[in-house]
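Asker: Would you be able to build a 3D model of this:
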Amino acid sequence: MSTLILTVIGDDRAGLVAAVAQIVDTHGGNWERSQLAELAGTFAGVIEVAVPEARSAELQEALGALEGTLTVSVRTGLGEVDEPRRQVTLTVLGNDHPGIVRDISAALGAHDVSIDHLETRTKDAAMSGGRLFEATVLARVPAGADLTVLQAVLEELAAEIQVDVSVA
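Answerer: As a prediction, the model looks like this:
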């Protein structure tokens with residue numbers, strides 16, 4: 001089996017997921033995992049598909065039929081990484097301002113922490129009338145890393161950029 005990673009993007013409308021799923025199924029593929037979302041009227045997603053090696057090229061060609069409705073990019077998956085890591089969850093909350101994602105992700109990257117999933121949103125603050133930024137980060141930390149050092153770095157950064165960061 002071959003693993004393909006599809007990225008899809010286009011104007012949101014009903015039936016987009018069904019169109020991709022139909023092509024995957026017709027060409028012997030199996031929809032393994034995905035992250036799909038509508039953001040500001042745009043549908044975007046990442047899909048992992050397993051397909052028999054012999055049918056991989058035909059599936060990729062068939063996805064081209066979606067052009068005009070969805071832009072689809074295809075990469076061959078690299079497989080699972082066997083490096084031992086611990087999973088941690090970070091939550092970030094604070095007044096919204098530019099640079100929060102940049103600063104948090106840079107601090108994580110500097111400590112060889114790999115982000116598996118990042119979900120962010122902004123919303124109106126109930127009392128202050130401003131905007132709140134919220135993020136949840138699922139990340140993998142190298143097995144030998146000292147979590148207390150990472151926690152201290154994130155606490156220092158949180159004070160600088162005026163957000164609350166917690167690590168679980």
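Asker: the strands in this structure, which residues?
Answerer: Using DSSP state E, the strands of the chain run over residues 2-11, 30-39, 42-51, 71-76, 85-95, 114-124, 131-142, 163-167.
Asker: Could you save the ones you listed as CSV and add columns showing distance to residue 157, mean pLDDT and mean neighbour count?
Answerer: C-beta: built from backbone N, CA, C; applies to glycine. CSV is the format used below for those (distance: least, C-beta to C-beta, whole Å; pLDDT from 0 to 100; neighbours: other C-beta atoms under 10 Å):
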stretch, distance to residue 157, mean pLDDT, mean neighbour count
strand 2-11, 30, 97, 17
strand 30-39, 26, 96, 12
strand 42-51, 28, 97, 18
strand 71-76, 32, 96, 14
strand 85-95, 10, 94, 16
strand 114-124, 15, 94, 12
strand 131-142, 13, 95, 17
strand 163-167, 7, 94, 17
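Asker: Take those strands and write them to TSV, including distance to residue 64.
Answerer: Output for these, formatted as TSV (distance: least, C-beta to C-beta, whole Å):
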stretch	distance to residue 64
strand 2-11	12
strand 30-39	18
strand 42-51	15
strand 71-76	7
strand 85-95	37
strand 114-124	29
strand 131-142	33
strand 163-167	43
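Asker: Among those strands, which comes closest to residue 61?
Answerer: Evaluated over the strands of the chain, closeness to residue 61 peaks at strand 71-76, with 9.9 Å, by C-beta to C-beta.
Asker: Mind listing residues that contact that closest one?
Answerer: Outside strand 71-76, the residues that touch it by C-beta atoms under 8 Å, 6 or more residues apart in numbering are 2-10, 20, 60, 63-64, 66.
Asker: again, only this time at 7 Å
Answerer: With C-beta atoms under 7 Å, 6 or more residues apart in numbering as the test, strand 71-76 has contacts from 2-10, 60, 63, 66.
Asker: for stretch 32-40, same thing?
Answerer: With C-beta under 7 Å, 6+ apart, stretch 32-40 has contacts from 12, 17, 44-50.
Asker: 8 Å - rerun?
Answerer: 3, 12, 17, 43-50, 117.
Asker: Dump it to PDB, restricted to CA.
Answerer: Taking C-alpha atoms only, stretch 32-40 is exported to PDB below (Å, rounded to 0.1, in the frame of the first residue of the first chain):
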ATOM      1  CA  GLU A  32      -7.400   7.000   6.800                       C
ATOM      2  CA  ARG A  33      -7.300  10.300   8.600                       C
ATOM      3  CA  SER A  34      -8.300  13.900   7.800                       C
ATOM      4  CA  GLN A  35      -8.500  17.400   9.200                       C
ATOM      5  CA  LEU A  36     -11.100  19.500   7.300                       C
ATOM      6  CA  ALA A  37     -12.500  22.900   8.000                       C
ATOM      7  CA  GLU A  38     -14.400  25.900   6.600                       C
ATOM      8  CA  LEU A  39     -12.600  29.100   7.200                       C
ATOM      9  CA  ALA A  40     -14.000  32.500   6.000                       C
END
